[in-house]
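**Q** Build the 3D model from these lines:
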Amino acid sequence: MDDPETLAERVRAGDLRLHELDDHADPETAAAARRAVVARETGAEFDAVADYAFDAAQASESAVENLVGGTQVPMGVAGPVPVDGGAADGDYYLPMATTEGALVASVNRGLSVIRGAGGATARVTKSGMTRAPVFSVDGVAEASEVVEWVGDNADALREAAESTTSHGELLEVDPYVVGDSVYLRFVYDTKDAMGMNMATIATREAAEVVEAETPASLVALSGNLCSDKKPAAINAVEGRGRTVTADVLIPRDTVEERLHTTPEAIEEANTRKNLVGSAKAGSLGFNAHAANTVAAVFLATGQDAAQVVEGANAITTAEAREDGLYASVSLASLEVGTVGGGTKLPTQAEGLDVLGLGGGGDPAGSNADALAEVIAAGALAGELSLLAALASRHLSSAHEDLGR
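**A** Here you go, the predicted model:
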């Protein structure tokens, strides 16, 4: 077997391409050869990138192509915080991987306030991963024929879809017609997996049945009505992944002593900023910075980072009551899993271990539900902390104090 430098020379000579190195060397050697090629051509140094903890073979098989090494993101923890959820139950530390200074401190402050108020309540209210293929037909008459067939043959579609998986269940198929295009939005229970690949493979099998039994012709397995990794109103309304809400009632004296403001000031800041300001901007997310917490936990626990787009699809509410401040955050489309994908990598698996939620739950799906509920509690903490900083006009000074 050739050494990395010899392989790198073969790439530079045009004898091999970068992606072909895996056919001529083990994953570690192939990665070293790619580093040598890129270093020679760009002048980059890979001392840190070459120092990684995961297994190169595992990463190359399930997580990345053209591996050269690993990128490290600093990880902190916030909490602990008690969460009373439908699946989550107990005190949780929140692992957060981020390069944004003051974020973990901000969420930690919010979690501390929630803990002082007795903890957060959280519930997953809806669960379903979607994939929506688009079919072409001759016109609206054929489109109606396809829609009617789908409505009458749910069992046949379910049998085809579920033949591809031992875990996923087809929950429903929702049709949408636009002229001579028919979109079928398949919704699956994917248990503890985030389930995007599962849904795609299952839908491909079901789409073949639709083509065989109706005038419809498949154009694309994803017709963007799913909708994955793009801001979309359908996810805000119908949900995707987990739809989850967390709330808390904070005593008035706690708001004044710990957040240095009043329930009324936080309510006003939330209304004018998160609700009215977001509406004026045409935003799909009516929140202060829920994506911050979602992104940090996603990176720490091996979630699909691009799906932070849907995770930012959240509404924050704040209401001043006689006895304190009621606050909630509702995330419409939080796509998370505790098995598969990046959750198998060692540092990400350790992040899930911090939460005690690695692997499949008992019953199936309960670990992913619990993860969604804890993330919602963390997002609520981040919302409270930032709203309080804005209401008390301490936002800039907090960043200055932390040197960020």
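**Q** helix/strand/coil for the closest residue to residue 91 other than its chain neighbours?
**A** Among residues not flanking residue 91 along the chain, residue 80 sits closest, at 4.1 Å (Cβ to Cβ, 6 or more residues apart in numbering). Yep, even glycine has a C-beta here, placed from its N, CA and C like the rest. Put simply, residue 80 is strand when judged by DSSP: H, G, I helix; E, B strand; the rest coil.
**Q** distance of the closest residue to residue 220 other than its chain neighbours from residue 213?
**A** Spatial nearest neighbour of residue 220, excluding adjacent residues (Cβ to Cβ, 6+ apart): residue 134 at 5.3 Å. Per Cβ to Cβ, to the nearest Å, residue 134 is found 17 Å from residue 213.
**Q** average model confidence for the longest helix anywhere in the chain?
**A** If you go by DSSP state H, the chain has its longest helix at helix 366-391. Average pLDDT, helix 366-391: 97.
**Q** Repeat that for stretch 167-181.
**A** Mean predicted lDDT for stretch 167-181 stands at 96.
**Q** So what's the gap between it and the chain middle?
**A** Averaged C-alpha coordinates place stretch 167-181 at 22 Å from its chain's average position (Cα atoms, centre = their mean, to the nearest Å).
**Q** So which bits of that stretch are buried?
**A** Within stretch 167-181, the residues that count as buried by 16 or more other Cβ atoms under 10 Å are 167-168, 170, 173, 175-176, 181.
**Q** Just put the residues you listed in JSON lines and tack on distance to residue 129 and secondary structure.
**A** As requested, the buried residues of stretch 167-181 are arranged in JSON lines below (distance: Cβ to Cβ, whole Å; DSSP: H, G, I helix; E, B strand; the rest coil):
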{"residue": "167", "distance to residue 129": "12", "secondary structure": "coil"}
{"residue": "168", "distance to residue 129": "8", "secondary structure": "coil"}
{"residue": "170", "distance to residue 129": "11", "secondary structure": "strand"}
{"residue": "173", "distance to residue 129": "13", "secondary structure": "strand"}
{"residue": "175", "distance to residue 129": "18", "secondary structure": "strand"}
{"residue": "176", "distance to residue 129": "18", "secondary structure": "strand"}
{"residue": "181", "distance to residue 129": "22", "secondary structure": "strand"}
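**Q** all strands for this protein, in order.
**A** 75-85, 89-97, 120-131, 134-136, 169-178, 181-189, 217-220, 241-251, 314-321, 324-334 (DSSP state E).
**Q** could you dump these to TSV with distance to residue 269?
**A** Listed next are the strands of the chain as TSV, based on distance: least, Cβ to Cβ, whole Å:
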stretch	distance to residue 269
strand 75-85	22
strand 89-97	24
strand 120-131	20
strand 134-136	42
strand 169-178	38
strand 181-189	36
strand 217-220	43
strand 241-251	15
strand 314-321	8
strand 324-334	11
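**Q** nearest residue to residue 96 other than its sequence neighbours?
**A** Closest to residue 96 by Cβ to Cβ, 6+ apart is residue 296, at 3.6 Å.
**Q** from memory that neighbour sits against residue 97, does it?
**A** Yes: taking contacts as Cβ atoms under 8 Å, residue 296 lies within contact range of residue 97: 5.7 Å.
**Q** Between those two, which is the more surrounded one?
**A** Legend: neighbour count by other Cβ atoms under 10 Å for residue 296 and residue 97, higher for residue 296 (28 against 21).
**Q** and the more buried one, what is it in contact with?
**A** 96-98, 100, 103-104, 107 (Cβ atoms under 8 Å, 6 or more residues apart in numbering).
**Q** which residues does residue 149 contact?
**A** Here residue 149 is in contact with 210, 213-214 (Cβ under 8 Å, 6+ apart).
**Q** ok, back up a step: relative to residue 200, which of the strands of the chain is closest?
**A** Residue 200 sits nearest to strand 120-131 of all the strands of the chain, at 5.4 Å, using Cβ to Cβ.
**Q** Give me the helices and strands touching that closest one, please.
**A** strand 75-85, strand 181-189, helix 196-213, strand 241-251, helix 366-391 (3 or more Cβ pairs under 8 Å, 6 or more residues apart in numbering; DSSP states H and E).
**Q** For the first one, name the packing helices and strands.
**A** Using 3+ Cβ pairs under 8 Å, 6+ apart as the contact criterion, the neighbours of strand 75-85 among helices and strands are strand 89-97, helix 103-116, strand 120-131, helix 346-355, helix 366-391.
**Q** Likewise for the shortest one?
**A** Here strand 181-189 is seen to pack against strand 120-131, strand 134-136, helix 140-152, helix 154-162, strand 169-178, helix 196-213 when contacts are counted using 3+ Cβ pairs under 8 Å, 6+ apart.
**Q** Hey, what's the angle from it to strand 169-178? Just curious.
**A** 160 degrees (axes from the mean of the first three to the mean of the last three Cα atoms, to 10 degrees).
**Q** In strand 181-189, which residues are buried?
**A** Neighbour-count burial for strand 181-189, counted by 16+ other Cβ under 10 Å, picks out 181-188.
**Q** low pLDDT regions in the stretch 51-200 of the chain?
**A** Within the stretch 51-200 of the chain, no stretch has pLDDT under 70.
**Q** Would you mark the buried spots in stretch 273-281?
**A** In stretch 273-281, counting by 16+ other Cβ under 10 Å, buried: 273-275, 278.
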